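> Here is my input, please return the structure:
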Amino acid sequence: MIVCMITFAICGNLKNKSKVVCFLFGARIMQGVAACMVTTSTYAIIAVSFASQKMTYLGYGESAKGVGCSFGPVLGSILYSLAGFQGTFFIMACAFSCMLCLLYWLIPNSVDINDSKVNEESILVAHDQESLTSVSKFSFTKLLIDPLFLLTSICGFLCFFAFCYYEAVLTVRLVEFNLSKFGIGLVFSISPVTYFVMNIFSSFFIENFDPKKLIMFGILLTGCSLFLMGPSTLLPNSLVILSTGHLIMGATEVIFMLPILPILIKAGVDKYPKHKYLISDISSGVFNFYLMLGQGFAPIYGSYVTEYFGYRNCATSIGILLICYCLLYYILYNLLSKPKLGVSNESSSEEQFKSRKKI
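Numbering: from 1, shown residues only. Here you go, the predicted structure:
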């Protein structure tokens, strides 16, 4: 991220437009890679080091991200007005350098200890031939294509797909309402602010509601909010309705996203109970991968559909997609969660193996 900020700053000295585009494109790639690495590591630390309270700490992490999304544009505007284009990015590079030093000294060594457990599980091999037949061996590929694991992973894709589709086209849409630049910025800030506020109450939802019900409720409400974010052609073309949609979207994204990682971990641990640390680590990476995949494809879809069918129809189409997936998730989750007759799970097989060894 430090190199990325410096690259952005260097672009201010370039005169050749082709070089500027190449540098900006490269900087954006580095920014995306860096963001994925930071987010994946954060999720992994939460899932492994705070296994019993992972949803609570995940809520805290998302609250912090909401603060950044809310105040980032304001801070960027202030720095730009005071230090100019290059100065802004050099200041951010210094800030990231300070953060790097703080993290190096503040993150405890226990994180490395937990990580060593993950590495031990990743190379775990059964001790004898009997264990190979009685206990299922861990398979990364089988975990990724496990129906319940895959079904929940797609929720992560849809979560950021719905949250990011308007990034490239909302400004053009708001110009139709003759809003000033400040007014456009206010509309953009609605979702991040409500996202941050809702994260404050994330522990309440976690402690009082089932994760499966939470995620379905979040998908449904997010889908409904998209009908307002256009707003749909069936509704009046009102800025108030559009803003209300963004308000609801920011709140429901929390309910939508928080249960995904715990459900992924549970699905993996149920399949491979011997590899809980490894499952937590892998699930964190898969979760972040699908989030970033949704974030990457969303602006492309939003731009294309808005270009040919209009912004209002674009938002409506994503709303319909989410509502349909909510129904599909409900049906398939209940079917896949039922135990299969005549098939013993891994934990029962392991217990039988241990009992035979004692005999």
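> got any ranges where the stretch 51-200 of the chain has weak pLDDT?
Within the stretch 51-200 of the chain, the ranges that satisfy pLDDT under 70 run 51, 54-56, 59, 62-63, 66, 69-70, 73-74, 109-138.
> again, only this time at 90
Segments of the stretch 51-200 of the chain classed as low confidence (criterion: pLDDT under 90) are 51-93, 95-96, 99-148, 160, 163-164, 167-168, 171-172, 175, 178-200.
> can you give me the strands for it?
With DSSP state E, counting those that start in this stretch as the criterion, the stretch 51-200 of the chain has no strands.
> any chance you could map the helices in it?
Under the criterion DSSP state H, counting those that start in this stretch, the stretch 51-200 of the chain contains helices at 54-106, 110-122, 129-134, 140-144, 147-164, 170-175, 181-200.
> how about TSV for those helices, with distance to Gly268 added?
Every C-beta, even on glycine, is put in place using the N, C-alpha and C of the backbone. Formatted as TSV, the helices of the stretch 51-200 of the chain follow (distance: least, CB to CB, whole Å):
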stretch	distance to Gly268
helix 54-106	13
helix 110-122	12
helix 129-134	20
helix 140-144	6
helix 147-164	6
helix 170-175	37
helix 181-200	25
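> Turn the ones you listed into a markdown table, including mean neighbour count and distance to Lys271.
Formatted as a markdown table, those follow (neighbours: other CB atoms under 10 Å; distance: least, CB to CB, whole Å):
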| stretch | mean neighbour count | distance to Lys271 |
| --- | --- | --- |
| helix 54-106 | 15 | 18 |
| helix 110-122 | 14 | 14 |
| helix 129-134 | 13 | 16 |
| helix 140-144 | 13 | 7 |
| helix 147-164 | 21 | 8 |
| helix 170-175 | 17 | 41 |
| helix 181-200 | 18 | 30 |
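> Nearest approach to Asn288 belongs to which of the ones you listed?
Comparing those by their distance to Asn288 (CB to CB), the top pick is helix 147-164, with 8.1 Å.
> name the helices or strands packed onto that closest one?
Using 3 or more CB pairs under 8 Å, 6 or more residues apart in numbering; DSSP states H and E, the elements in contact with helix 147-164 are helix 211-229, helix 239-257, helix 260-271, helix 276-309, helix 311-337.
> So for Thr141, which of those sits nearest?
helix 276-309 (11.5 Å).
> Helix 147-164 and the closest one, what's the angle between them?
Here the directions of helix 276-309 and helix 147-164 differ by 40 degrees (axes from the mean of the first three to the mean of the last three CA atoms, to 10 degrees).
> helices and strands around helix 276-309, which ones?
Counting contacts by 3+ CB pairs under 8 Å, 6+ apart, helix 276-309 is packed against helix 17-49, helix 110-122, helix 140-144, helix 147-164, helix 260-271, helix 311-337.
> All set now, cheers.
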